[in-house]
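# Dropping a prediction and its sequence here:
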Amino acid sequence: MAFDVTVNGETKAVDMPGDTPLLWVLRDGLHLTGTKYGCGVAACGACTVHLDGVAVRACQIALEDAVGAQITTIEGIGTPENLAPIQAAWLEHQVAQCGFCQSGQIMQAASLLAENPAPTDAEIDEAMGGNLCRCGTYPRIRAAVHTAAAKMKG
């Protein structure tokens, strides 16, 4: 059965079963590979996307439950020529090491800043707590969130 989903502002028809996890719809159905598979049980945050502006784990959202929602992936928040403030801050602070978790981290941070434009360290740590980084770049992530918040304010 075909479903229409709106991803990064474009409506696309996807011919996959309704119970297919959104992660696989994005990666295999729409070839948007910025969203990563990490654990499949919403414990790592690598598959974080926005569903109607809220950070969610794409491995736990069924295709049929995403119909009618606005889905935003890492590909939808900025381009290499026009980075989102959080992406620019990520580069400025050289957050990425292996890079695997970064799209999920950035999507979670963008959601945090949309809700709280001036988060404290504790608020950043709480919001980002479900996004794991094997390389341990948490201090750089926190610094990048503060930098992005300042850039978005000014």
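Ah, there it is. Numbering: from 1, shown residues only.
# what's the domain layout of the chain?
2-76, 85-153 (automatic domain parsing).
# Dump those domains into JSON lines; add mean neighbour count as well.
Where you see a C-beta, it was placed from the backbone N, CA and C, and this is true even at glycine. As requested, those are arranged in JSON lines below (neighbours: other Cβ atoms under 10 Å):
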{"stretch": "domain 2-76", "mean neighbour count": "18"}
{"stretch": "domain 85-153", "mean neighbour count": "18"}
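# So which residue is dead centre in this structure?
Centrality entry for the chain: nearest residue to the mean C-alpha point is Met107, 2.7 Å, by Cα atoms, centre = their mean.
# Would you verify that that one is located in a strand?
No. Secondary structure of Met107 (DSSP: H, G, I helix; E, B strand; the rest coil): helix, not part of a strand.
# and the closest residue to it other than its chain neighbours, what does it touch?
Leaving aside its chain neighbours, Met107 sits nearest to Thr48 (4.3 Å; criterion: Cβ to Cβ, 6 or more residues apart in numbering). Residues counted as contacts of Thr48 (Cβ atoms under 8 Å, 6 or more residues apart in numbering) are 35, 55-58, 103-105, 107-108, 111, 131.
# Could you report the pLDDT at Thr48?
You'll see Thr48 listed with a pLDDT of 98.
# do you know how far it is from Phe100?
13 Å (Cβ to Cβ, to the nearest Å).
# need the helices for this structure, in chain order.
Using DSSP state H, the helices assigned to the chain run over residues 22-24, 63-66, 85-92, 102-115, 121-128, 138-153.
# Who are the packing partners of the fourth one?
Same thing as helix 102-115. With contacts defined as 3 or more Cβ pairs under 8 Å, 6 or more residues apart in numbering; DSSP states H and E, the packing partners of helix 102-115 are strand 48-51, strand 54-57, helix 85-92, helix 121-128, helix 138-153.
# doesn't Ala13 make contact with Phe3?
Yes. Counting by Cβ atoms under 8 Å, Phe3 touches Ala13, with 7.3 Å between them.
# circling back: take the helices and strands packed on helix 102-115 and write them to a markdown table, including distance to Gly9.
Converted to a markdown table, the helices and strands packed on helix 102-115 look like this (distance: least, Cβ to Cβ, whole Å):
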| stretch | distance to Gly9 |
| --- | --- |
| strand 48-51 | 12 |
| strand 54-57 | 17 |
| helix 85-92 | 17 |
| helix 121-128 | 25 |
| helix 138-153 | 20 |
